[in-house]
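# Sequence and predicted structure, then a few things I'm wondering about:
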Amino acid sequence: MRPRTPGTAAVSTASSSPVAPAPFTAPRVKARVMEAEDVRRAQTRIAHEILERNRGSSGLTLIGIRTRGAVLARRLASAIGQIEGTAPEAGDLDVTLYRDDLSSRGLRPVEATEVPGVDGRVVVLVDDVLYTGRTVRAALNALNDLGRPVCVQLAVLVDRGHRELPIRADFVGRNLPTSSREDVRVLLAEVDGTDGVEIHERA
């Protein structure tokens, strides 16, 4: 056995081996709570409720929060047109620059905002899921920069609770109690290739 030279330390080679990164665990689909037909019925019911609340489609403008809210807004406008004979105007709103979590989430790509005039109109703001209310607050701030509607109403496909701001939807496709450890994913054919709503459990 070769003696070690005095004054020198033994060198460990354990740290030279690369450390494998922790495996990525995708959220698990816990349940599929709405199928395509459920989504269609919810949209039809919301369209009728919007017409009943506003006594017709005159003066209505539907504005969807990108991405899936914009798809739903155009679907609702089409459904109202089939009922009334004339479809209300619809637009798309990107709220990225109005969010209050930019410092923690970072800036995401900004999509186009295409909104018809809102001055003097009844605006129905449309989103897929109502959660904390912060996205809706951002949308209200964005609308304020675009004009002055007569009033703003809120339509959502799913209300999952857990509100952090005093915001309530006027039209709801389905109330869905959830845990804060769960995610609600709305699937729409124009974006996802199919319609449905799933609950995903976070890893």
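Alright, I've got the coordinates.

# Return the helix or strand that contains residue 128 as PDB; C-alpha atoms alone will do.
Element membership for residue 128 (DSSP states H and E) is strand 122-130. Listed next in PDB are the C-alpha coordinates belonging to strand 122-130 (Å, rounded to 0.1, in the frame of the first residue of the first chain):
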ATOM      1  CA  VAL A 122     -73.700  45.900 -22.600                       C
ATOM      2  CA  VAL A 123     -70.500  43.800 -22.500                       C
ATOM      3  CA  VAL A 124     -70.600  40.200 -21.600                       C
ATOM      4  CA  LEU A 125     -67.100  39.200 -20.500                       C
ATOM      5  CA  VAL A 126     -66.500  35.500 -21.200                       C
ATOM      6  CA  ASP A 127     -63.900  33.100 -19.700                       C
ATOM      7  CA  ASP A 128     -63.600  29.300 -19.400                       C
ATOM      8  CA  VAL A 129     -62.900  29.000 -15.700                       C
ATOM      9  CA  LEU A 130     -63.600  31.400 -12.800                       C
END
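
# can you pull out the strands in the chain?
Taking DSSP state E to define them, one finds strands in the chain at 28-34, 60-65, 89-93, 122-130, 151-159, 171-175, 182-187, 196-201.

# May I see the ones you listed arranged in CSV, with mean pLDDT as well?
CSV is the format used below for the strands of the chain (pLDDT from 0 to 100):
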stretch, mean pLDDT
strand 28-34, 93
strand 60-65, 98
strand 89-93, 97
strand 122-130, 98
strand 151-159, 98
strand 171-175, 98
strand 182-187, 97
strand 196-201, 96
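
# Which among the ones you listed is found nearest to residue 111?
Residue 111 lies closest to strand 89-93 among these, at 7.6 Å (C-beta to C-beta). All C-beta atoms are positioned from the backbone trio N, CA, C, and that covers glycine.

# Can you check what angle separates that closest one from strand 60-65?
20 degrees (axes from the mean of the first three to the mean of the last three C-alpha atoms, to 10 degrees).

# Listing partners with orientation, what would you give for the strand holding residue 128?
Strand pairing for strand 122-130, using DSSP bridges, gives strand 60-65 (parallel), strand 151-159 (parallel).

# Which one, of the strands of the chain, ends up nearest to residue 114?
Here strand 89-93 is closest among the strands of the chain (C-beta to C-beta), at 4.9 Å.

# quick one on the thing from earlier: possible to save the strands of the chain as a markdown table with mean neighbour count and distance to residue 81?
Listed next are the strands of the chain as a markdown table, based on neighbours: other C-beta atoms under 10 Å; distance: least, C-beta to C-beta, whole Å:
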| stretch | mean neighbour count | distance to residue 81 |
| --- | --- | --- |
| strand 28-34 | 14 | 24 |
| strand 60-65 | 26 | 11 |
| strand 89-93 | 22 | 10 |
| strand 122-130 | 25 | 14 |
| strand 151-159 | 22 | 16 |
| strand 171-175 | 19 | 17 |
| strand 182-187 | 19 | 22 |
| strand 196-201 | 18 | 24 |
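
# Output the ones you listed as JSON lines; include the columns distance to residue 116.
Shown next, in JSON lines, are the strands of the chain (distance: least, C-beta to C-beta, whole Å):
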{"stretch": "strand 28-34", "distance to residue 116": "30"}
{"stretch": "strand 60-65", "distance to residue 116": "6"}
{"stretch": "strand 89-93", "distance to residue 116": "4"}
{"stretch": "strand 122-130", "distance to residue 116": "10"}
{"stretch": "strand 151-159", "distance to residue 116": "14"}
{"stretch": "strand 171-175", "distance to residue 116": "20"}
{"stretch": "strand 182-187", "distance to residue 116": "24"}
{"stretch": "strand 196-201", "distance to residue 116": "29"}
